[in-house]
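In: compute the structure for the input listed below.
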Amino acid sequence: MVILAFATVYLVWGSTYFFISKAVHDFPPLIMGALRFVAAGGIMLIWCLIKGENLWNWKQIKAALVTGVLLLFVGNGCVIWAEKTLPSSLVAVWISSAPIWFVLLEKPKWKENFSNPSTIIGLVVGFIGVILLLSDQLGAIMNHPQGSSILIGLIIVLVGCISWAGGSIYSKYHSSGSALVNTTWQMLAAAAVFIPGSLVAGEWKTFSFAAVSPGAWGALGYLVIFGSILAFSAYVWLLQVRNPTQVSTYAYVNPVVAVLLGVFFADEHMSKWQLIGLAVILGSVLLINLAKYRNSGNGNSGNGSAAIPNKRIIVSNAKEKMA
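Out: Numbering: from 1, shown residues only. Just a heads-up that it's a prediction; the model follows:
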């Protein structure tokens, strides 16, 4: 289940940058966010009712509301807003800085993370990979006539990235109960902020559903089903059973998927340095995950999940039963 969840977050979320760019071509950013999370949250709510989940635990709701605003409204909202002006692959690459913020913001794990050579090397290598990926883009920004607006877009993405890391860590230490219920309330919380936000921004004054193309509707549907219900649910569950630093490695793999989609479906160019950067990033993910799996193998997962039992204890228990 852990492997399947990681694969879903790695691959599906990598593709969402491409589909967000398709959706915001016709949908205003805040309206798109509102529609996405109203639909996803509504479907999740119905599923919770069918399964008989307890939806009314105030402690669980409170933590989910805070997490939903930080993750989905600020974090995801910044990405949606930025993709009105920035290429989807560039936004995905910039999001690769997320693991760095996870390490810096997760104070309870500072001793563990900063004393593990593999984790530190992996983070440094991953950051180098991000720089390599950005090298060509930064030159273009400096020479672009709208370079200032592009720079503002990158800053907005960075704010969203920090908010996402902070919200993920908050969820790790404050969420309780069913991951399904947590996900539902987080999506509904985001929708509750996106809706008035779109009204204040005046997006509904010029928006017409009739003007939305079938391709944009299809992109929105993909984001609801695959990006929100499937991948986000997997992400929330992973935060409950794995270390946030390990879970954050999705941000190193997502750009790989996003850039490849841009190359094959949006005619984006991929330079030699971008190829090298992608290889470096994948290497960093291996280093970070290797450190975490080694800790789990030693019986100390450090992430709140059950540690692997000692073999001698298993043998001893087996002998007692045989006796």
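
In: helix, strand or coil: sort out residue 176 for me.
Out: Reduced to three states with DSSP: H, G, I helix; E, B strand; the rest coil, the structure at residue 176 is coil.

In: shouldn't it be in contact with residue 62?
Out: No. With contacts counted by CB atoms under 8 Å, residue 176 stays clear of residue 62, the gap being 10.3 Å. C-beta coordinates here come from the backbone N, C-alpha and C atoms, glycine included.

In: ends of stretch 208-216, what's the gap?
Out: 13 Å (CA to CA, to the nearest Å).

In: tell me the mean pLDDT over it?
Out: Model confidence over stretch 208-216, given as mean pLDDT, is 95.

In: so how far is residue 91 from residue 75?
Out: Applying CB to CB, to the nearest Å, one obtains 12 Å for the distance of residue 75 from residue 91.

In: so between the two, which is more surrounded?
Out: For the pair residue 75 and residue 91, the greater number of neighbours falls to residue 91 (27 against 24), based on other CB atoms under 10 Å.

In: returning to what we had before: and for residue 75 and residue 91, which residues touch both?
Out: When contacts are counted by CB atoms under 8 Å, 6 or more residues apart in numbering, residue 75 and residue 91 have no shared neighbour.

In: work out the gap between stretch 36-51 and the centre of the chain.
Out: If you compare the mean C-alpha spot of stretch 36-51 with that of the full chain, they lie 20 Å apart, counting by CA atoms, centre = their mean, to the nearest Å.

In: and it, what's buried?
Out: Buried positions in stretch 36-51, judged by neighbour count with 16 or more other CB atoms under 10 Å: 36, 37, 38, 39, 40, 41, 43, 44, 45, 48.

In: for those, which one is nearest residue 80?
Out: residue 36 (8.6 Å; CB to CB).

In: host element of the closest one?
Out: Using DSSP states H and E, residue 36 sits in helix 29-51.

In: elements contacting that helix?
Out: In terms of contacts (3 or more CB pairs under 8 Å, 6 or more residues apart in numbering; DSSP states H and E), helix 29-51 is packed against helix 77-82, helix 179-200, helix 214-222.

In: need the winner for burial among those.
Out: Of these, the one with the most neighbours on average (mean count of other CB atoms under 10 Å) is helix 77-82, at a mean of 24.

In: mind giving me the packing neighbours of that helix?
Out: Under the contact criterion of 3+ CB pairs under 8 Å, 6+ apart, the helices and strands touching helix 77-82 comprise helix 2-23, helix 29-51, helix 147-174, helix 179-200.

In: poorly predicted segments of the protein, please.
Out: 133, 136-142, 144-147, 266, 268-271, 274, 289, 291-323 (pLDDT under 70).

In: if we go to 50?
Out: For the chain, applying pLDDT under 50 flags the ranges 299-323.

In: and the angle for the helix holding residue 36 with helix 214-222?
Out: 40 degrees (axes from the mean of the first three to the mean of the last three CA atoms, to 10 degrees).

In: list the buried residues of the helix or strand following helix 29-51.
Out: Taking DSSP H and E as the definition, the helix or strand that follows helix 29-51 towards the C-terminus is helix 58-68. Of the residues in helix 58-68, 60, 61, 63, 64, 65, 66, 67, 68 count as buried by neighbour count, 16+ other CB under 10 Å.

In: ok, now which ones touch the second one?
Out: Contacts for residue 61 were tallied using CB under 8 Å, 6+ apart; they are residue 185.

In: start at 11, not 1
Out: In the new count, where the first residue is 11, that last one comes out as residue 71.

In: where's it relative to residue 194, distance?
Out: For residue 71, the distance to residue 194 (CB to CB) stands at 10 Å.
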